[in-house]
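A.B. asks: build the 3D model from these lines:
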Amino acid sequence: MRYILFLLTLVFIVSCKNSKTIDSNDTPKDSNIKQEPIAEETSGLDAISTKDFREFKVLDSRNLSKSEIWKNTNDVLNGFSEKDYQRLKPLILEQDIPTLQQNRRENKFTYVQLTQFYLYRIKTYDRENELSLNAVISINPNILEEAKLRDRDFFNKKLKHAIFGMPILLKDNINAAHMATTAGAVVLKDNITKDAFITAQLKSKGALILGKANLSEWAYFFCGDCPSGYSAVGGQTLNPYGRRIIDTGGSSSGSGVSASANFAAATIGSETAGSILSPASQNSVVGLKPTIGLVSRSGIVPISSTLDTAGPITKNVMDNAIVLDAIFGEDEADSKSIYALWEWGFYYRNLKEASLKGKRFGAPKRLLGDTLYSKALEVLKQQGAEIVEIEEEKLGLPNFVRLLNLDMKKDLPAYMTTYANKSIDLRTVSDVMIFNLKDSLNTMPYGQNLFKGIAEDKGDEQFLERIKDTLHTNGKKYFNIPMDTNNLDGFLSINNYHAAFAAVAEYPALTVPMGYTGEGVPKGLTFIGRRLQEKQLLEWAYVYEQSSKARVLPKNYN
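C.D. replies: Take a look at the predicted model:
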């Protein structure tokens with residue numbers, strides 16, 4: 001891992017320097033960014049920062065083989081040959097969803113063939129070979145039959161969402177029928193459940209649930225001394241731009257890698273503080289962390305009911321808008337759910353007409369030494385945007401890890417009781433720790449120090465509420481002060497550098513590819529806006545993407 005990003009934020013933030021300071025400015029070797037922390041020292045964050053791993057204790061999973069993944073789906077590629085794959089390749093590879101739909105309307109392929117194309121790539125590239133990425137944990141055993149139904153219904157006169165017939169991979173902490181939801185943990189290997197709310201949202205609009213993507217175990221809030229992208233069930237996820245060299249980002253590592261390697265039309269990740277932004281930027285794809293409550297969390301293995309959210313990870317901005325449009329919606333079972341009146345198409349309709357003329361964006365002066373960032377700012381200027389150089393607010397995020405500890409201590413038992421398979425009688429973090437100790441080599445080769453911290457945290461509900469209030473206030477001030485003072489439309493960051501502040505502010509953030517370092521490491525330009533500004537973020541990112549065209553398909557997977 002030559003690439004050490006930054007971040008203060010925990011477990012699911014791919015890159016943090018191993019220090020006791022919130023060091024969101026750790027940068028690649030070709031960057032000239034001044035090394036100054038963006039916030040006060042925050043005790044304990046060094047324990048949950050991604051470490052600089054050059055060797056992995058585990059690569060391929062000890063608990064899941066390629067044959068197991070495919071054992072119930074051996075017939076899905078019957079009749080699909082290398083010749084079929086090569087014919088479909090220019091019609092599907094790197095194409096956006098509107099193009100795929102247009103090709104389907106012109107009968108250049110069926111939804112069954114589209115699904116088989118992605119399955120063929122997964123079977124070819126993902127496990128037990130010299131190019132394996134370990135990005136996929138399971139395949140929907142009913143996927144081919146469901147694709148046939150989409151083909152049957154395609155030409156009826158019912159109104160169809162743009163997501164109709166598109167194969168989607170879900171991060172394996174999101175419940176989906178007929179597949180276990182493991183969160184990467186052996187203890188949940190038999191956790192077969194009903195659909196999560198967002199899974200049902202996708203299905204109701206005709207999307208195909210292709211399978212489950214690997215992740216950093218327990219969304220990276222588990223071991224403390226493991227590389228991002230590792231789970232006991234899925235093994236070590238690897239970055240297609242540099243296997244065993246470039247960090248995958250976490251915790252939605254499998255979702256980011258799968259989107260980048262064209263294993264599905266789109267993927268879903270989840271984020272607490274950086275877990276979408278990090279793997280999206282590390283794998284040169286588009287990742288959106290929505291406003292908390294816009295997308296349901298019901299049926300998703302939690303870390304924090306305060307900060308958790310699901311969100312789309314895609315190859316391009318248009319697809320991101322389409323997926324968000326398919327999954328948002330009020331969920332009465334989610335205490336933070338937002339009632340949104342928007343109809344189908346709100347997020348992607350008229351996206352191509354977006355403009356940056358007159359838009360004002362704040363650019364932290366500390367980041368201007370980054371070559372790719374400075375180049376991205378010039379692209380924005382050429383499209384009519386105004387760039388305002390700003391100083392970052394001197395605010396800290398005290399007790400951030402304590403918030404996660406105390407939330408997960410109560411939120412995990414709530415998930416296990418309400419949404420997990422009833423045959424699993426374990427409920428608490430302590431129960432999981434005891435289970436892991438029975439076979440530690442296969443369940444916790446990197447230990448479980450973060451779970452130990454959760455179990456030992458004695459903070460009460462009153463203390464938790466004080467933490468929430470302080471963090472939420474500081475997060476909002478961090479963005480609102482410069483935005484109000486300078487009349488800004490949005491805030492510009494790199495990768496997941498400001499993910500923790502966006503998390504506690506509960507503000508949306510979207511990262512889009514902005515190029516590669518001299519060592520070939522992908523980086524993303526990250527747009528951060530205020531509450532429910534997802535549509536604006538998508539418009540800004542779309543204009544930038546179309547002007548910069550920075551994404552390049554990983555060369556060994558084309």
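A.B. asks: now do Leu169 against Thr314, distance only.
C.D. replies: 11 Å (Cβ to Cβ, to the nearest Å). All C-beta spots, glycine's among them, are computed from the backbone N, C-alpha and C.
A.B. asks: quick one, strands of the chain?
C.D. replies: Assigned by DSSP state E, the strands in the chain fall at 136-139, 167-171, 208-213, 230-231, 235-236, 266-271, 286-289, 309-314, 360-364, 386-390, 490-494, 509-516, 522-528.
A.B. asks: who's more crowded, Leu169 and Thr314?
C.D. replies: In this view Leu169 and Thr314 are compared by other Cβ atoms under 10 Å, and Leu169 has more residues nearby, 31 against 28.
A.B. asks: how about the nearest residue to Ala207, chain neighbours excluded?
C.D. replies: Once flanking residues are discounted, Ala207 sits nearest to Ile163: 4.6 Å by Cβ to Cβ, 6 or more residues apart in numbering.
A.B. asks: what pLDDT does the closest residue in space to Thr199 that isn't next to it in sequence get?
C.D. replies: Spatial nearest neighbour of Thr199, chain neighbours left out: Ala176 (4.8 Å); criterion: Cβ to Cβ, 6+ apart. With respect to pLDDT, Ala176 has a value of 98.
A.B. asks: touching, Ala176 and Asn140? I think so.
C.D. replies: Yes - using Cβ atoms under 8 Å, Ala176 is in contact with Asn140, at 7.4 Å.
A.B. asks: what touches both of those two?
C.D. replies: Common neighbours of Ala176 and Asn140, using Cβ atoms under 8 Å, 6 or more residues apart in numbering, are Ile209.
A.B. asks: just to revisit the earlier point, the strands of the chain: which one's closest to Gln116?
C.D. replies: Among the strands of the chain, the nearest to Gln116 by Cβ to Cβ is strand 167-171 (9.6 Å).
A.B. asks: give me the sheet partners of the closest one and which way each runs.
C.D. replies: Looking at strand 167-171 with DSSP bridges, its partner strands are strand 208-213 (parallel), strand 266-271 (parallel).
A.B. asks: low-confidence ranges, the stretch 51-200 of the chain, go.
C.D. replies: Segments of the stretch 51-200 of the chain classed as low confidence (criterion: pLDDT under 70) are 51-54.
A.B. asks: check the chain too.
C.D. replies: 1-54.
A.B. asks: go with 50
C.D. replies: The chain contains residues with pLDDT under 50 at 1-50.
A.B. asks: which helix in it has the most residues?
C.D. replies: helix 461-485 (DSSP state H).
A.B. asks: list the buried residues in that helix.
C.D. replies: Within helix 461-485, the residues scored as buried using 16 or more other Cβ atoms under 10 Å are 464, 467-468, 470-472, 474-476, 478-480, 482-483.
A.B. asks: what sits against Gln236?
C.D. replies: Gln236 makes contact with 56, 58-60, 134, 227, 229-230, according to Cβ under 8 Å, 6+ apart.
A.B. asks: residues near Leu341, how many?
C.D. replies: Residues lying near Leu341 (other Cβ under 10 Å) number 6.
A.B. asks: Arg531 versus that one, what's the distance?
C.D. replies: Counting by Cβ to Cβ, the gap from Leu341 to Arg531 is 16 Å.
A.B. asks: residues contacting Ala455?
C.D. replies: The neighbours of Ala455, taking Cβ under 8 Å, 6+ apart as the test, are 409, 428-430, 433.
A.B. asks: please pick the buried ones from those residues.
C.D. replies: Judged by 16+ other Cβ under 10 Å, buried ones among the contacts of Ala455: 409, 428-429, 433.
A.B. asks: may I see the buried residues of helix 461-485 organised as a markdown table, with distance to Pro98 added?
C.D. replies: A markdown table is the format used below for those (distance: Cβ to Cβ, whole Å):
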| residue | distance to Pro98 |
| --- | --- |
| Leu464 | 45 |
| Ile467 | 44 |
| Lys468 | 41 |
| Thr470 | 44 |
| Leu471 | 39 |
| His472 | 38 |
| Asn474 | 41 |
| Gly475 | 35 |
| Lys476 | 36 |
| Tyr478 | 36 |
| Phe479 | 32 |
| Asn480 | 36 |
| Pro482 | 36 |
| Met483 | 33 |
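A.B. asks: of all those, which comes closest to Gly396?
C.D. replies: Relative to Gly396, the closest of those is Asn474; by Cβ to Cβ it sits at 6.9 Å.
A.B. asks: residues contacting Asn262?
C.D. replies: Counting by Cβ under 8 Å, 6+ apart, Asn262 touches 92-94, 118, 121, 315, 553, 557.
A.B. asks: of those, which pair is most distant in space?
C.D. replies: Tyr118 and Leu553 (14.8 Å).
A.B. asks: okay, the two: which has more neighbours?
C.D. replies: Using other Cβ under 10 Å as the criterion, Tyr118 and Leu553 rank with Tyr118 on top: 24 against 16.
A.B. asks: relative to Ser305, how far out is the more buried one?
C.D. replies: Computed as Cβ to Cβ, the Tyr118 to Ser305 distance reads 33 Å.
A.B. asks: can you check Asn558 too?
C.D. replies: 41 Å.
A.B. asks: the more surrounded of these two?
C.D. replies: Using other Cβ under 10 Å, the more surrounded residue of Asn558 and Ser305 is Ser305, with 17 against 12.
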